[in-house]
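A.B. asks: could you look at this predicted model? Sequence included:
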Amino acid sequence: MTDKTFDKNTWRTPLYFFNWLDMRFHFLLDGCATAEDCVIENRLDFPVCHFIGKGSDIAEDFLQENLASRLCDECFRGASIFVNPPYSDVTPFIQQAKRLRDEGFTVVMLLNNDKSTQW
């Protein structure tokens, strides 16, 4: 037995699973990360972990209203974004993913298979 408990809001994507998805989608941004748990390695010519979250130079919050234009301003137009949202309330993240998709971005989300949810 382990002393650790499952926290559905901060659970980190297993690296083997992320790598499997990344082979298909070639992610440039981690949509729900911090500098400490970003799973995307440097893909551009400068050494930075590309993530959206607290401490990010790109955007502080995946849910911010002007995220699509902010990403375009930062030269991420049409980028593939990986999102493992907090499972306690995924609906706003799904809505933002749709808005980003409508703007030409590819958003791949890792969602909990919970049949009791309303979404």
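C.D. replies: Thanks, I have the structure now.
A.B. asks: can you tell me the SS state at the nearest residue to residue 82 once chain neighbours are set aside?
C.D. replies: Using C-beta to C-beta, 6 or more residues apart in numbering and skipping residues adjacent in sequence, the residue nearest residue 82 is residue 27, 4.4 Å away. From N, CA and C alone the C-beta is placed, and that goes for glycine too. Following DSSP: H, G, I helix; E, B strand; the rest coil, the label given to residue 27 is coil.
A.B. asks: who are the contact partners of residue 27?
C.D. replies: Counting by C-beta atoms under 8 Å, 6 or more residues apart in numbering, residue 27 makes contact with 21, 40, 79, 80, 81, 82, 108.
A.B. asks: now those as a markdown table including secondary structure?
C.D. replies: Converted to a markdown table, the contacts of residue 27 look like this (three-state DSSP):
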| residue | secondary structure |
| --- | --- |
| 21 | helix |
| 40 | coil |
| 79 | coil |
| 80 | strand |
| 81 | strand |
| 82 | strand |
| 108 | strand |
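A.B. asks: closest to residue 31 among the residues you listed?
C.D. replies: Closest approach between these and residue 31, by C-beta to C-beta: residue 81, at 4.7 Å.
A.B. asks: tell me which residues in stretch 103-110 are buried?
C.D. replies: For stretch 103-110, burial by neighbour count (16 or more other C-beta atoms under 10 Å) applies to 105, 106, 107, 108, 110.
A.B. asks: which ones among those are found in strands?
C.D. replies: 106, 107, 108 (DSSP state E).
A.B. asks: of these, which is the nearest to residue 32?
C.D. replies: Nearest to residue 32 among those, with distances taken as C-beta to C-beta, is residue 107, at 11.1 Å.
A.B. asks: name the nearest residue to that closest one, sequence neighbours excluded.
C.D. replies: Spatial nearest neighbour of residue 107, chain neighbours left out: residue 97 (4.0 Å); criterion: C-beta to C-beta, 6+ apart.
A.B. asks: give me the neighbour count for that neighbour.
C.D. replies: Residue 97 is flanked by 21 other residues according to other C-beta atoms under 10 Å.
A.B. asks: quick one: the helix or strand where it lies to chain centroid distance?
C.D. replies: According to DSSP states H and E, residue 97 maps onto helix 91-102. Relative to its chain's centre, helix 91-102 lies at 11 Å (C-alpha atoms, centre = their mean, to the nearest Å).
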